[in-house]
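Novice: no sequence for this one, just the structure:
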Ligand SMILES: Nc1ncnc2c1ncn2[C@@H]1O[C@H](COP(=O)(O)OP(=O)(O)O)[C@@H](O)[C@H]1O
Ligand SMILES: Nc1ncnc2c1ncn2[C@@H]1O[C@H](COP(=O)(O)OP(=O)(O)O)[C@@H](O)[C@H]1O
Ligand SMILES: Nc1ncnc2c1ncn2[C@@H]1O[C@H](COP(=O)(O)OP(=O)(O)O)[C@@H](O)[C@H]1O
């Protein structure tokens, strides 16, 4: 099994979720994160103290899926999360050795 | 080494933590996440605008441990996090190649 | 490619970020997490109800990088995040099989 | 089913209303009563009471201040203390009580509590719908302000009292049942006790007659709500996870804001109860502030000494305890006595909330009993100790001023309020439990009142 | 460029000021006018009006209360309803309007609205810079309080009115354009309408002359702002993501806090409008509270019946709707009528916000039109139904008290305000759109007003 | 050890109290003094001063408003500006000062500040424990309201002044030391300066005697606190991470709420200082509002021009700066002058906070010195420029009204307050540093005051 981790712009979450649903991905886990990269941040100003905030709000989506579907997931995310502007984010793919559904104890693909 | 990542229902965290302590797991990292899956969300209503919120609050627990202990960890989590109702969550296991304890620079098992 | 995940003390984030910049790491993703380990927590007191809070605020930094740079990243983090006191945190290294830059569709090293 | 009944009731009342409007206006009070009444027969024995603009300004202001105590004051004080998932449910309870009782009071509550006395037990129905409650002063209650200001000022007391109880059943009560309970409780617990202590129209309420002192509502407001809170905590039972899960307040700045607004509003409550803007209001104002400050310090130091840290929630809770305790005494005691009353309140209520409650094991979630029941009782007794006619000639002396009998009278008033409040509340809740159900389901309790009762989240992004 | 113009304006005005100061003081009003005026010729026909301390205390208090309505009241009510990224931008709009109009009013606003009448249409420029607006009473407006208190009380009305509009264009308006719009709107919409309804110095405003009743600002404040809000929602267009993205309120406790402060402050608004502390203020106070409570319940029950849940935002919105609707009627109707007005307001505004708006598709983001435009219209008409001279001899009877003609007068007042407010606002916004631009860019809208307009975040850690 | 001392002190004082109670009551003031005093010898030269209900209503209201300024006003204004981990510690400082000084003032503070004059330097101990401070008016201070209202009104000034200082040492001071400092500072800095400026019983304070004008506390409240804040910032040193870490305000809506409540409450502060409800209160009210609005705009535009964005924190800070600057002038100047004072305050305080502070490098964390020290100084001097007897015959003319000498008097008052406040505060803090320690440890500073000083978290879930 593969885990696809994507860092995307927050306002793209809804679209990405829909795209994944369309390819029958039925589960995912989402985390609010802060990203640092080429996209530059902003400065904030409080009574003359100027702070450069270079961590930007991003959303991390994690989907665990079978090897076969993994490529489709990557494509779906890449297509929908893309705006073409710097800061669109990354997709990382890694291996998952085992999956368990807590409710039933099912393992492997059935657990997804 | 293995990393066990479990997505569980928030109110189960305390129990799971205790169960892990019982099998001598001395460290873990916990993140507030939002989950999307078979468990359906709820709708919220604000002056007639009805929003379907299908991301549900979940807790992600990450434990890195030795290969030997990994199975025990999975079992401990599965047993305590289970309520039998949809949405109990998943456990994912993957490989960790190296671990470092920042304080001492120890590596590998000693670092856990 | 490797993913380096480090759990550090929150007030060390700025220093670590600078150290990574110095070795030309241009991207990273940061999450607020809670850690449980040897470092003990604190108790809170509300009208006589005493709660032991043993999850401590920590920061998780994730950097995906090439195999060659991975060791440098680990060292940079370990050196700067270290205070020598319990609770400094851990660094975990794992394998990443593929990386995609959403904006361009680039893959592999170019996507970092 | 509840929805259908609602529909019926609402449509019915809406039909009835316009008729009531016309009826009422037909005998409506004159706009400028003093002027209008002037050309009356010159030989009239008593001149028509004249409205004093300063007194009216003060009581109008005080009325607004007491409204502020319930919402946002109490709403935030309580709202900050619950878990995030119940913040709206908790705030809503105070807010909607303000709405419900504002209507109940105008329709029948005021008449029951302050209407023409029936045997010292209850007011008559003569003043239903504010019939006859006009803009001329009613000298039985206050000779220099329009009768309706007095009515409105008292309304705010009738509002905050049931709102105080909500601290006991926080985080687990069904909203629909809660609404019904509120109306019943106001009618069967609050209105009678208010009549006993303050009823004066065409005969005194029996506790009033007895000579028990209660300047601004120690028995009527605090004991009645606090003791009912105890009954509620017992009947509803503990929250799921009580004593095991972490139930830390989700937003203490909100709680402190609420406490500070309570303090601010309480000047209306106590000093407004003088119903004039003069020496008595001043005295009540000063002792209110002093007792509150002393109680906050006392709770803080007591906790500091006993548990090692001076907590912010402790200081805020102590302030509220001091406000509660000084309430019955506020028109009868001097500043030094108020320090003693305050320190006593801080220490006693601290012990009630953090020692007595865990000992006995009931889940009075936000210490409505610990602060209002116990603090109100201490205040009522302390009034019997420290009252002096040097401050208020219309009052009485207490034990320390040579009149030990006053303590006995206070004791009877306390006892009567305790018994009535506990028994009636207990019965009301039991009946509601059998009929509508008091608590939300376990799953709903876990998910929180905000989503399950109201379909909303307190905080989003 | 905007910055440079700013610099110029500021430095210029600062230069001009000291001159104005001296000019003003030269004819400044006496500190203790009554005393100073006393040794005037004894044969003077009318004695100099005497300041009443109680009335003054009440109107000073009321003025402060109405200030509280805008900031923090409305600022938080609206601020809690937007998304996190726009909380400061939204709060800032109310806060800065308070600052801008406080200055505009002193410099020219008061003169336009209340200054010597010019043909019933507008006030003259005689009172620019408060020239001649002193500390003696002006009996045209209020005989027992200093003229400047009346001015200050009215100032707070001029402040809150444009602030109400901001609910319509929340989350997308450019701050610089918004500032300019505020000044223009106050000058060209508010000041004239206020004059029509309330102008009394040396001639009556034309709606006043007509006999339309508006006790505390149903047309002047609520219709004018609500209808302008509709125009703004139409001209600015919908927010990006409207009807598709989740736009849940980011902090409902903040909204409830704001609503409760509005309720509290509104006692100053309505009961303060009596300009004396007596029977009329009392009556206004009581009906304000009653209508508000009834409206909150009505909205809550309407939503409960129709959608299945009683929401907290609904109850808070209903309360505001009730406050709006009772405003024009508050000095003319009795308590039972106020319940009818309140229930009507709750149900009608609920339907406007949750049925009418989605139907027509405009994005009146925080329902400024739905609540103030519709609720204000209902209140103005209802005044024509339920007004009675039994409450206020200086008023008039309404339809239900035998005077059907009053409804017609109310209708004209409503229509005039609707047309003027809509047309002028529409023109102002179009012109500003062509010149300065009304909306922030799409990217800025996504990033939020807080960062892009003000360089700040509402919340950090 | 601190805990043990606490126990001892508390138990001791509790024992002593009941005795004090009796002593006090023995000579307690009459409840209805006017009535009681009436049957006095008819030939008495001066009639007993009569309480005016309107004036009393206004000063009672004002007293409550000034309480609101400290908690929740200032508590939230400051609380929102610190980092999340220090929110409770910061709020607690204001809240507990309210409690501590409320007691200190009643016990000895009022006597030192306003008691029978000793050589123009300090009040005597005759009024310890409010001995002799009764419910009859004291015409030295206010002829138409009970003496105790005046005492309570002044109490609230004594409360807010040390609370203002806490902005300077936010996020790093030890709570126990802070408590001791507060009591000492009130006694040795505030009480004497208050006496110099306002002492009038049996002899004038020396600055009063000199003819320096300070209507509502420019020197007494703002310079004394602001300059002490500078001393505190210097003695305590910078926060760990100052100038390197991000220290953004954790909750700006909270700060704006605080600022708005300060504005609202400040009407009590300034207009209440008239001690009557009439022309003078009105004038003070109007100039307070105008100066505040002008200052908020000035700070906002100054920052907009210089840094490119109009910030919300800037507007809120500017409003507070305007309130500070108009305070000493509020009973002596007209509306146009108040605009000049306000604009000056906005620009000057902006420069102090955002240019001067980084230049000199001290860490006045929340700009207590920049706003209150600098703004108060500007206001005191400006009073000498713009004061006119046309507004207040009991005042004096300033430079622009032909009396250049007044500026000199103002300057002396400013200088005296600066020197006294700085020197005594410096000494007190140094002594406390050697004995108890001023700062929390580095680790505690990193963990935050909430957990380390109070064992609580501001926010949970
Ligand atoms: N090497 C990396 N490891 C982990 N996360 C990364 C890495 N590089 C980028 N990211 C994440 O991706 C986000 C977008 O990256 P950025 O360089 O700003 O733009 P782009 O993806 O368009 O090149 C960052 O904010 C960060 O969260
Ligand atoms: N394929 C997946 N990848 C990542 N997370 C998942 C996946 N499927 C489920 N989850 C996580 O597990 C949670 C529970 O899943 P759900 O389908 O609701 O119930 P169940 O675990 O009982 O089948 C989800 O809320 C989500 O956080
Ligand atoms: N086995 C583990 N798996 C995941 N996270 C861990 C593990 N052990 C420790 N951590 C994380 O590292 C943090 C620091 O660990 P701790 O034992 O307190 O101190 P130290 O790193 O100095 O040994 C913990 O708070 C937790 O977040």
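Specialist: Looks like it arrived, so ask away. The structure displayed is predicted, hence computed values, not measured ones. Ligands and ions are numbered 1, 2, ... in the order given.

Novice: For the helix or strand bottoming out on mean pLDDT in chain A, which outside residues touch it?
Specialist: Between all helices and strands in chain A, the lowest mean by mean pLDDT, DSSP states H and E belongs to strand A:49-53, at a mean of 93. Contacts to strand A:49-53, defined as C-beta atoms under 8 Å, 6 or more residues apart in numbering or on different chains, come from residues A:41-45, E:457, F:246-248, F:307, F:354, F:358. C-beta here means a position set from N, CA and C on the backbone, and glycine is covered the same way.

Novice: List the buried residues in that strand.
Specialist: A:49, A:51 (16 or more other C-beta atoms under 10 Å in any protein chain shown).

Novice: what's the answer for stretch A:7-19, then?
Specialist: A:7-9, A:12-13, A:16-17, A:19.

Novice: Likewise for stretch A:87-100?
Specialist: A:87-94, A:96, A:98-100.

Novice: any low-confidence regions in the chain?
Specialist: Since no chain was named, I'll use chain A. By pLDDT under 70, chain A has no low-scoring segment.

Novice: That was the other one, I meant chain D.
Specialist: D:1-48.

Novice: sorry, back to before: can you tell me which of the buried residues of stretch A:87-100 are in strands?
Specialist: A:90-94, A:98-100 (DSSP state E).

Novice: ok, longest helix in the chain?
Specialist: Going with chain A. helix A:67-81 (DSSP state H).

Novice: not quite, I wanted chain D
Specialist: From DSSP H, the single longest helix across chain D is helix D:405-435.

Novice: That helix and chain F, any residue contact?
Specialist: No - Helix D:405-435 lies apart from chain F when judged by C-beta under 8 Å from any C-beta of the partner chain; the minimum separation is 14.2 Å.

Novice: Quick check: next helix or strand after that helix?
Specialist: helix D:442-447 (DSSP states H and E).

Novice: Now the element after that following helix, going C-ward?
Specialist: helix D:449-454.

Novice: how about that following helix, does it reach chain F?
Specialist: No - using C-beta under 8 Å from any C-beta, helix D:449-454 never reaches chain F; the gap is at least 12.6 Å.

Novice: Which parts of that helix count as buried, going by neighbours?
Specialist: D:449-454.

Novice: The residue of chain A found nearest chain E sits in which helix or strand?
Specialist: Closest contact between chain A and chain E, by C-beta to the nearest C-beta, is at residue A:45 (4.6 Å). Using DSSP H and E, the element containing residue A:45 is strand A:42-46.

Novice: Could you name the helices and strands sitting against that strand?
Specialist: Contacts defined by 3 or more C-beta pairs under 8 Å, 6 or more residues apart in numbering or on different chains; DSSP states H and E place strand A:42-46 against strand A:49-53.

Novice: Report the strands that pair with the strand it packs on, each with its relative direction.
Specialist: Within its sheet, and counting by DSSP bridges, strand A:49-53 is paired with strand A:42-46 (antiparallel).

Novice: Go through the partner strand and flag the buried ones.
Specialist: Result for strand A:42-46 [16+ other C-beta under 10 Å]: buried residues A:44-46.

Novice: Run a quick neighbour tally on the closest residue to residue A:34 other than its chain neighbours.
Specialist: Excluding its sequence neighbours, the residue lying closest to residue A:34 (C-beta to C-beta, 6 or more residues apart in numbering or on different chains) is residue A:55, at 3.9 Å. By the criterion of other C-beta atoms under 10 Å in any protein chain shown, residue A:55 has 17 neighbours.

Novice: and the gap between the residue in chain D positioned nearest to chain B and residue E:295?
Specialist: Chain D approaches chain B most closely through residue D:455 (4.6 Å), counting by C-beta to the nearest C-beta. From residue D:455 across to residue E:295, the span is 20 Å (C-beta to C-beta, to the nearest Å).

Novice: higher neighbour count, the two?
Specialist: Higher neighbour count among residue D:455 and residue E:295: residue E:295, with 35 against 24, using other C-beta under 10 Å.

Novice: who touches the spatially closest residue to the more buried one that is not a sequence neighbour in this structure?
Specialist: Nearest non-adjacent residue to residue E:295, counting by C-beta to C-beta, 6+ apart: residue E:322, 2.6 Å away. Listed by C-beta under 8 Å, 6+ apart, the contact set of residue E:322 reads E:291-296, E:298, E:341-342, E:345-346, E:375.

Novice: And those residues, which is closest to ligand 3?
Specialist: residue E:296 (47.2 Å; C-beta to the nearest ligand atom).

Novice: show me what contacts the closest one?
Specialist: Per C-beta under 8 Å, 6+ apart, neighbours of residue E:296: D:95-96, D:99, E:315-316, E:318-319, E:322, E:346.

Novice: In CSV, list these along with secondary structure.
Specialist: Below are the contacts of residue E:296 laid out as CSV (DSSP: H, G, I helix; E, B strand; the rest coil):
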residue, secondary structure
D:95, helix
D:96, helix
D:99, helix
E:315, helix
E:316, helix
E:318, helix
E:319, helix
E:322, helix
E:346, helix
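
Novice: Please identify the member of those residues with the greatest number of neighbours.
Specialist: Busiest of the contacts of residue E:296 [other C-beta under 10 Å] is residue E:322, holding 36 neighbours.

Novice: Pull the residues that contact the strand holding residue A:45.
Specialist: Counting by C-beta under 8 Å, 6+ apart, A:50-53, E:451, E:455-457, F:248-249, F:303, F:307, F:309, F:311, F:313 sit against strand A:42-46.

Novice: Next, the contact list for residue 81, please.
Specialist: Reading this off chain A. A:6, A:8-9, A:12, A:15-16, A:88-89, C:102.

Novice: sorry, should have said chain D
Specialist: D:90, D:170, D:249-250, D:255, D:313, D:366.

Novice: Put together CSV for the residues you listed, with distance to chain B, secondary structure and neighbour count on each row.
Specialist: Output for the contacts of residue D:81, formatted as CSV (distance: C-beta to the nearest C-beta, whole Å; DSSP: H, G, I helix; E, B strand; the rest coil; neighbours: other C-beta atoms under 10 Å in any protein chain shown):
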residue, distance to chain B, secondary structure, neighbour count
D:90, 18, helix, 30
D:170, 18, coil, 25
D:249, 18, coil, 27
D:250, 14, coil, 24
D:255, 23, helix, 24
D:313, 23, helix, 26
D:366, 21, coil, 28
